[in-house]
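**Student:** turn this into a model:
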Amino acid sequence: MKKVFYSGSYKPIAAMVVLLVASALLSLATANAKQAAPSKEAASGEAVHQRYDIQLKIDFDALSYAGSERVRWVNHGDHATAVVYFHLYSNLRPYQASPAAGSGTQRAETEEPRIEIIEVRSAADGVPLPYSIDDQGATLRVNLREQVPPEKATEIIVNFKGSVPEIDPDETGLTTHVVKQVSAALRGDREIRSPRDLNFRCRGVMLLGTSYPVLAVHDGDEWARKIEPTVGDTIFNEVADYVVRIAVAPGVMVFTSGREDEKSSHENTMAFAAPGLRDFAIIAGRNLRSEQTVIGKTTLRSIFTSEHERIGKRVLAMAGDSFRTFSSKFGPLPFDTLNIAEAPLVAGLGSNEFAGLEVIASAYYVDFDSPAVRNLPEIIREQRPSVEESLEWGVAHLTAHQWWGAAVGNDPAREPVLDEALASWSALLYFREIYGEQKAAVVLQDQLQGVYRLYRTFGGEDMDANRPSRDYRNTFQYAAVVTTKGALMFVQLQHLLGEEKLLAAFRNYYRANLLEIAELDDLRGALIAEAPLEQRRGVGRTFNRWLASKRGDEDISKPDQELATSLGLPPKPNQQRGGDRNPLNAFARLGKFFWQQVTRIR
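**Tutor:** Below is the predicted model of the structure:
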């Protein structure tokens, strides 16, 4: 596969939401304006990076926005083309609307975000360009007036507007997160990520994760047009340089994936700039606060609501330790700003990562010393050490995704194990570097092995881990198979090669694939290249055993039949027994050990 610049949020996976059914579930378990004249490079047709110059006006109270973007597209393909495709991620639907669906579908549609295209023009002369909306509203096709030769550029202006839904706060609470994950574990419910997960307003916070038309990946002469909702990430774009100006009402704070250009900001319009991002996300609200620190040339910022100030400061400290660890082990990030923000994500999604902006569900910003915690069920309040450790795991895991998924990209729908495995192993590395071997061993059991054990105990079937994300039913299964097996494969490779050679391979892989799309074979090749001749075959066998076979019971853990019996679980998966159907009641009698597992987050 030819290397192309890439941009995609790393994902769902959705990730941190696994404060629930296993120690890692959460891991799986975020107006027209004056346009500048075309650059000399674009005017001459010389190859340059993709670029977005976006003007956005957000009406926070009306749940809407209007925007205009000037997009510079470079044809990195092999032949000339006169067609350019954009993804409209906010229009992707996890269901198929039909007349037979009736009012239920209509209600669901009003609860989803939407982008509407107003006009498409050539940036060179302002002449309108013909366009169509394809793939059930999720793709914008633009027909150019002239073909763009290989390694030449063109610029397009797109005017658009959008809206986001108001999310019911009851969908975002900690207890709701726990119940949803426990239910998914028991019943094998299918979860599908929805655009409303990343574009909404709730509890006075607005998240705009996919608020603008974004270029589809162009590989060779093929456009990566197809996107489909899954339990994992769907965002897959090309790296680009961003200049974004955002206008908001007085009193609304705005934070983004980029660094604010204070010289260009004025009154209620803020200007942000960032080179080489995979996407550009925005978080806004009247009650947002921030703390920051500078490490080397990078500004780390923690963004939180005023009532979560203590947790927000703690998150900043953990992010700083993670950043230092990964910078020293893997190499420097190409970003000058890294933000970690809380947002009221819906149950089933504990976190999401964008380039330069990590988002953690507000439900997990639990200040156990605050009076508000008295409203949580006692069985959850008792798990303070577990929840606090899991938040730290989540911060380290998400920060690692800035290396694996943001700086080095991959297709998260086709090969989700690539960035998930690297991020989870990196989180283990963080705990060992900060707390020592003994603590790292405990975290490995709690956040990885314990997930697989519970998954099998609940009747989940062992699966090979190198599958597209659409093959996994929910975050519980995704965490147990993709995250756990992938991370433990690197633990095994560490035993085989030694840590020095393993880290050398990771550094080589990072340098070779920086700001590009990597594949699993690229990582395998880097490891084989670093291994002595007599161990190279062993590297290949390790990949096959952990990713392409079903050896989880042998390599990780068998189902706990005693626990299954005490739970009253059926002998076959996905069979619900009668009786007590309240997940909290069903598990309350199991005591401390079980709840240490189901309150894990990442």
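**Student:** hmm, R114 is touching K161, no?
**Tutor:** No: taking C-beta atoms under 8 Å as the definition, R114 is not a contact partner of K161, at 9.0 Å. (Each C-beta comes from the backbone N, C-alpha and C, glycine too.)
**Student:** for the stretch 351-500 of the chain, what spans make up the strands?
**Tutor:** For the stretch 351-500 of the chain, applying DSSP state E, counting those that start in this stretch gives strands covering 351-354, 357-361.
**Student:** mean confidence score for the first one?
**Tutor:** Mean per-residue pLDDT for strand 351-354: 93.
**Student:** tell me which other helices or strands it touches.
**Tutor:** Applying 3 or more C-beta pairs under 8 Å, 6 or more residues apart in numbering; DSSP states H and E, one finds that strand 351-354 makes contact with strand 357-361, helix 384-400.
**Student:** how about the longest one: buried residues?
**Tutor:** Residues of helix 384-400 classed as buried under the neighbour-count rule (16 or more other C-beta atoms under 10 Å) are 386-400.
**Student:** dump stretch 551-560 to PDB, restricted to CA.
**Tutor:** Output in PDB follows, covering the C-alpha atoms of stretch 551-560 (Å, rounded to 0.1, in the frame of the first residue of the first chain):
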ATOM      1  CA  ARG A 551      -5.600 -19.400  22.100                       C
ATOM      2  CA  GLY A 552      -6.900 -17.000  24.700                       C
ATOM      3  CA  ASP A 553      -7.900 -19.600  27.300                       C
ATOM      4  CA  GLU A 554      -4.500 -21.100  27.100                       C
ATOM      5  CA  ASP A 555      -2.500 -17.900  27.000                       C
ATOM      6  CA  ILE A 556      -4.600 -15.600  29.200                       C
ATOM      7  CA  SER A 557      -7.200 -17.200  31.400                       C
ATOM      8  CA  LYS A 558     -10.000 -19.800  31.300                       C
ATOM      9  CA  PRO A 559     -13.600 -18.900  32.300                       C
ATOM     10  CA  ASP A 560     -14.200 -18.800  36.000                       C
END
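**Student:** that stretch: how far from the chain's middle?
**Tutor:** 28 Å (C-alpha atoms, centre = their mean, to the nearest Å).
**Student:** what sits up against that stretch?
**Tutor:** Residues from elsewhere that reach stretch 551-560 (C-beta atoms under 8 Å, 6 or more residues apart in numbering): 449, 452-454, 456-457, 462, 481, 484-485, 488, 545-546.
**Student:** so for it, mean pLDDT?
**Tutor:** Stretch 551-560 comes out at a mean pLDDT of 94.
**Student:** pull out the buried residues from it.
**Tutor:** Buried residues in stretch 551-560 (16+ other C-beta under 10 Å): G552, I556, S557, P559.
**Student:** from Y435, how far out is the third one?
**Tutor:** Spelled out, it's S557. 23 Å (C-beta to C-beta, to the nearest Å).
**Student:** repeat that for the second one.
**Tutor:** Summarising the geometry, the distance separating I556 from Y435, computed by C-beta to C-beta, is 23 Å.
**Student:** by mean pLDDT, show me the worst of the helices and strands packed on strand 351-354.
**Tutor:** Taking the mean pLDDT of these, helix 384-400 comes last: a mean of 91.
**Student:** between strand 357-361 and that one, find me the angle.
**Tutor:** 160 degrees (axes from the mean of the first three to the mean of the last three C-alpha atoms, to 10 degrees).
**Student:** which stretches of the stretch 51-200 of the chain have low pLDDT?
**Tutor:** 95-108 (pLDDT under 70).
**Student:** can you rerun that using 90?
**Tutor:** Applying pLDDT under 90 to the stretch 51-200 of the chain flags residues 94-110, 173-192.
**Student:** swap in the stretch 201-350 of the chain?
**Tutor:** Using pLDDT under 90, the flagged stretches of the stretch 201-350 of the chain are 219-221, 226-229, 232-234, 238, 262-268, 348-350.
**Student:** coming back round to it: among the contacts of stretch 551-560, which are in helices?
**Tutor:** Y452, R453, L454, R456, T457, T484, K485, L488, R545, W546 (DSSP state H).
**Student:** filter these down to just the buried residues.
**Tutor:** So, by 16+ other C-beta under 10 Å, the buried ones in these are Y452, R453, L454, R456, T457, T484, K485, L488, W546.
**Student:** run through the residues that contact Y452.
**Tutor:** Counting by C-beta under 8 Å, 6+ apart, Y452 makes contact with A22, A480, V481, T484, K485, G552, I556, S557.
**Student:** wait, doesn't the third one sit right on M463?
**Tutor:** Yes: with contact defined as C-beta under 8 Å, V481 counts as touching M463 (4.9 Å).
**Student:** overlap of the contact sets of the two?
**Tutor:** With C-beta under 8 Å, 6+ apart as the test, V481 and M463 both reach Y472.
**Student:** with neighbour numbers in mind, choose between the two.
**Tutor:** V481 (28 against 17; other C-beta atoms under 10 Å).
**Student:** for the more buried one, what are its contacts?
**Tutor:** For V481, counting by C-beta under 8 Å, 6+ apart, the contacting residues are Y452, Y455, D462, M463, D464, A465, Y472, G552.
**Student:** circling back to that earlier point, can you say which of the strands of the stretch 351-500 of the chain is packed in most?
**Tutor:** Of all the strands of the stretch 351-500 of the chain, strand 351-354 carries the top mean neighbour count, a mean of 33, counting by mean count of other C-beta atoms under 10 Å.
**Student:** gap between that one and the chain center?
**Tutor:** 4 Å.
**Student:** counting by contacts, list what the longest helix seen in the chain packs against.
**Tutor:** The longest helix of the chain (DSSP H) is helix 309-330. Contact partners of helix 309-330 among helices and strands, from 3+ C-beta pairs under 8 Å, 6+ apart: strand 288-295, strand 298-305, strand 337-343, helix 384-400, helix 416-435, helix 499-513.
**Student:** mind putting those into CSV with distance to G258?
**Tutor:** Shown next, in CSV, are the helices and strands packed on helix 309-330 (distance: least, C-beta to C-beta, whole Å):
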stretch, distance to G258
strand 288-295, 14
strand 298-305, 11
strand 337-343, 6
helix 384-400, 18
helix 416-435, 22
helix 499-513, 22
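**Student:** can you lay out the helices and strands packed on strand 351-354 as JSON lines showing distance to L174?
**Tutor:** Listed next are these as JSON lines, based on distance: least, C-beta to C-beta, whole Å:
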{"stretch": "strand 357-361", "distance to L174": "9"}
{"stretch": "helix 384-400", "distance to L174": "9"}
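**Student:** nearest to E119, out of the ones you listed?
**Tutor:** When the helices and strands packed on strand 351-354 are compared by C-beta to C-beta, strand 357-361 sits nearest E119, at 29.0 Å.
**Student:** can I get that closest one in CSV, CA atoms only?
**Tutor:** Written as CSV, here are the backbone C-alpha positions of strand 357-361 (Å, rounded to 0.1, in the frame of the first residue of the first chain):
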residue,chain,number,x,y,z
LEU,A,357,-7.3,16.5,22.0
GLU,A,358,-8.2,13.6,24.3
VAL,A,359,-11.7,13.4,25.7
ILE,A,360,-12.7,11.5,28.8
ALA,A,361,-16.2,10.9,29.9
